[in-house]
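[1] structure here, sequence nowhere to be found:
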């Protein structure tokens with residue numbers, strides 16, 4: 001049985017984290033709420049739909065970073081979109097307004113450009129990863145959506161089907177195998193919502209293996225994975241949230257413990273979710289990675305297609 005002093009020692013770090021998180025939030029959220037209400041912004045604009053899916057389709061493994069944790073990838077002959085968030089602002093909906101943070105950099109394309117994706121993977125229910133307005137605009141009867149446990153009802157109507165995948169479960173879709181892995185994170189949609197799950201995803205085709213971690217703090221759950229062609233790790237939103245999001249050094253450490261070829265760093269430079277300076281995550285990642293990072297780290301501009309393998313190319 002623990003003594004009162006031992007209990008207090010355990011509570012102290014949690015209290016310090018809570019105080020730091022409250023201070024961090026007060027630095028940005030009052031302004032964000034004011035701008036949400038008083039500085040209107042409309043995502044409705046004449047649509048110039050780039051041929052994103054057609055640009056990806058000739059390749060065996062290619063990826064386009066859409067900002068933050070969002071990306072679209074071609075894996076063999078299947079188009080996979082991860083955590084699509086293309087709205088100007090994320091947060092709670094109040095009538096037609098979204099109350100929350102706005103993008104620092106604009107979305108590279110409208111959500112409608114992703115209509116026809118074969119598969120959408122949602123890692124968890126946080127507003128910066130599950131954006132209902134984006135999903136509503138890209139809904140298609142050709143598209144399957146995979147979500148963590150107890151997130152099915154959050155997905156707008158119009159998709160072919162929505163599959164809830166528990167950590168450790170695997171599903172086969174269009175010749176891809178998708179395995180859910182539980183990261184070191186949590187999936188609440190709101191302050192009082194603690195019941196939703198959270199997933200990373202290992203996606204495998206005949207000769208490609210891609211790891212989408214979503215959000216995670218440092219963890220050992222990926223260490224036994226082998227022959228990974230592309231690992232996607234978040235490297236931002238760690239100050240003061242390093243118990244929920246990996247630092248650049250922790251992300252690199254997790255990557256190095258994989259048998260992986262390329263690292264795509266995401267979850268930075270798009271929304272002001274934390275206190276670290278805008279360019280710090282990438283600077284710290286390059287520093288810790290050293291010479292190997294020059295070959296392993298992919299640094300695409302938002303909206304740029306990176307081709308890892310062309311069609312019929314053997315990895």
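    Nice, I can see it. Treat the numbers as computed from the prediction; the structure is a model and nothing was measured.

[2] can you tell me the SS state at residue 281?
    Secondary structure assignment for residue 281 (DSSP: H, G, I helix; E, B strand; the rest coil): helix.

[3] run a quick check on it versus residue 239, I expect a contact.
    No. Using C-beta atoms under 8 Å, residue 281 makes no contact with residue 239, being 9.8 Å away. Glycine gets a C-beta too; all of them are placed from N, C-alpha and C.

[4] can you list the residue ranges for strands in the stretch 1-150 of the chain?
    With strands called from DSSP state E, counting those that start in this stretch, the stretch 1-150 of the chain shows them at 59-67, 70-75, 78-82, 89-94, 97-102, 119-121, 144-147.

[5] can you lay out these as a markdown table showing mean pLDDT, distance to residue 262 and mean neighbour count?
    As requested, the strands of the stretch 1-150 of the chain are arranged in a markdown table below (pLDDT from 0 to 100; distance: least, C-beta to C-beta, whole Å; neighbours: other C-beta atoms under 10 Å):
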| stretch | mean pLDDT | distance to residue 262 | mean neighbour count |
| --- | --- | --- | --- |
| strand 59-67 | 97 | 9 | 24 |
| strand 70-75 | 98 | 12 | 26 |
| strand 78-82 | 97 | 16 | 23 |
| strand 89-94 | 91 | 28 | 17 |
| strand 97-102 | 91 | 29 | 18 |
| strand 119-121 | 98 | 18 | 24 |
| strand 144-147 | 98 | 23 | 23 |
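
[6] show me what contacts the residue nearest to the spatial centre of the chain?
    With distances taken as C-alpha atoms, centre = their mean, the residue of the chain nearest its centroid is residue 69 (3.0 Å). Under the criterion of C-beta atoms under 8 Å, 6 or more residues apart in numbering, the contact list for residue 69 reads 82, 83, 85, 123, 128, 129, 214, 215, 234, 266, 267.

[7] next one, pLDDT for it please.
    Residue 69 is assigned a pLDDT of 98 by the prediction.

[8] list the contacts of the residue nearest to residue 90 when sequence neighbours are not counted.
    Excluding the flanking residues, the one nearest residue 90 by C-beta to C-beta, 6 or more residues apart in numbering is residue 127, at 4.5 Å. Residues in contact with residue 127, defined by C-beta under 8 Å, 6+ apart, are 90, 91, 92, 100, 189.

[9] could you dump those residues to JSON lines with distance to residue 64?
    JSON lines is the format used below for the contacts of residue 127 (distance: C-beta to C-beta, whole Å):
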{"residue": "90", "distance to residue 64": "20"}
{"residue": "91", "distance to residue 64": "25"}
{"residue": "92", "distance to residue 64": "29"}
{"residue": "100", "distance to residue 64": "25"}
{"residue": "189", "distance to residue 64": "27"}
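
[10] nearest to residue 112, of these?
    For these, the closest approach to residue 112 (C-beta to C-beta) belongs to residue 90, at 18.3 Å.

[11] partner residues bridging the closest one?
    Beta bridges link residue 90 to residue 101, judged by DSSP bridges.

[12] tell me the one of the contacts of residue 127 nearest residue 61?
    Scanning these for proximity to residue 61, where the rule is C-beta to C-beta, the winner is residue 90, at 29.1 Å.

[13] residues near the closest residue to residue 278 other than its chain neighbours, how many?
    The spatial neighbour of residue 278 that comes closest, neighbours along the chain excluded (C-beta to C-beta, 6+ apart), is residue 269 at 6.0 Å. Residues within reach of residue 269, counting by other C-beta atoms under 10 Å, total 19.

[14] please apply the same query to residue 110.
    Neighbours of residue 110 under the rule other C-beta under 10 Å: 20.

[15] repeat for residue 168
    9.

[16] my guess is it contacts residue 197. True?
    No. Look at residue 168 against residue 197 with C-beta under 8 Å: they stay out of range, at 11.4 Å.
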